[in-house]
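*Asks:* have a look; sequence and predicted model below, questions after that.
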Amino acid sequence: MSEFFTFPNPVNEKAARVVAGVVAAVALLILLTGWHWLLVPLAYGFLARVATGPTLSPLGRFAMRVVAPRLGEPRLVPGPPKRFAQGIGAVCTTLAAIFALALGWTLAADLLTGMIFVFATLESVVAFCAGCTIFAALMRIGVIPEKTCEACADFWARTPEPA
């Protein structure tokens, strides 16, 4: 059962960017239409990816098995920062769904959805993962132990590879 609740390490960044592109598109659709009910499947996707990687995420499975292989050789990146980023997305989308659907706080929900749109767009278009950057900073100051992601421990010393 513990194998079921695992996150891949490493992760194909191309698949992660595809997922981020769809998340950005759905977030934009929510902002343009006010269809806050779409926050529910968006939140589910983030929660599923945090818990099991692509296993329970239809979008994650589609990105990993269908789209990413058609984009050429995988570009492997450490998994723990991507899982951390998915966790941030899960918190933000879940809060946005609660704000909009349970409390009627649509402005607060839209602000969170706008933030999701911005960061998912950055991940998808220019391969900038804000959650991964926060993860690295937390490792650097000792909040996250280096053993959590040994490949990440030298994050600040590496030069980024071209996208």
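*Replies:* Structure received. Numbering: from 1, shown residues only.
*Asks:* do a quick rundown of the helices in the protein.
*Replies:* With DSSP state H, the ranges of helices along the chain come out as 13-33, 39-52, 58-62, 79-97, 106-126, 130-140.
*Asks:* pull out the buried positions in the shortest one.
*Replies:* Residues of helix 58-62 classed as buried: Leu59, Gly60, Phe62 (neighbour count, 16 or more other Cβ atoms under 10 Å). Backbone N, C-alpha and C define where each C-beta goes, glycine included.
*Asks:* tell me what that helix is packed against?
*Replies:* Contacts defined by 3 or more Cβ pairs under 8 Å, 6 or more residues apart in numbering; DSSP states H and E place helix 58-62 against helix 13-33, helix 39-52.
*Asks:* what's the closest of the ones you listed to Val125?
*Replies:* helix 13-33 (7.9 Å; Cβ to Cβ).
*Asks:* list the residues that contact the spatially most central residue of the chain.
*Replies:* By Cα atoms, centre = their mean, the mean C-alpha position of the chain lies nearest to Gln86, the distance being 3.6 Å. Neighbouring residues of Gln86 by Cβ atoms under 8 Å, 6 or more residues apart in numbering: Phe46, Arg49, Val50, Gly131.
*Asks:* wait, isn't the second one in contact with Ala63?
*Replies:* The one in question is Arg49. No: at 10.1 Å, Arg49 does not count as touching Ala63 under the criterion of Cβ atoms under 8 Å.
*Asks:* so what sits against both of those two?
*Replies:* Val19.
*Asks:* could you list the low-pLDDT ranges of this structure?
*Replies:* 1-2, 153-163 (pLDDT under 70).
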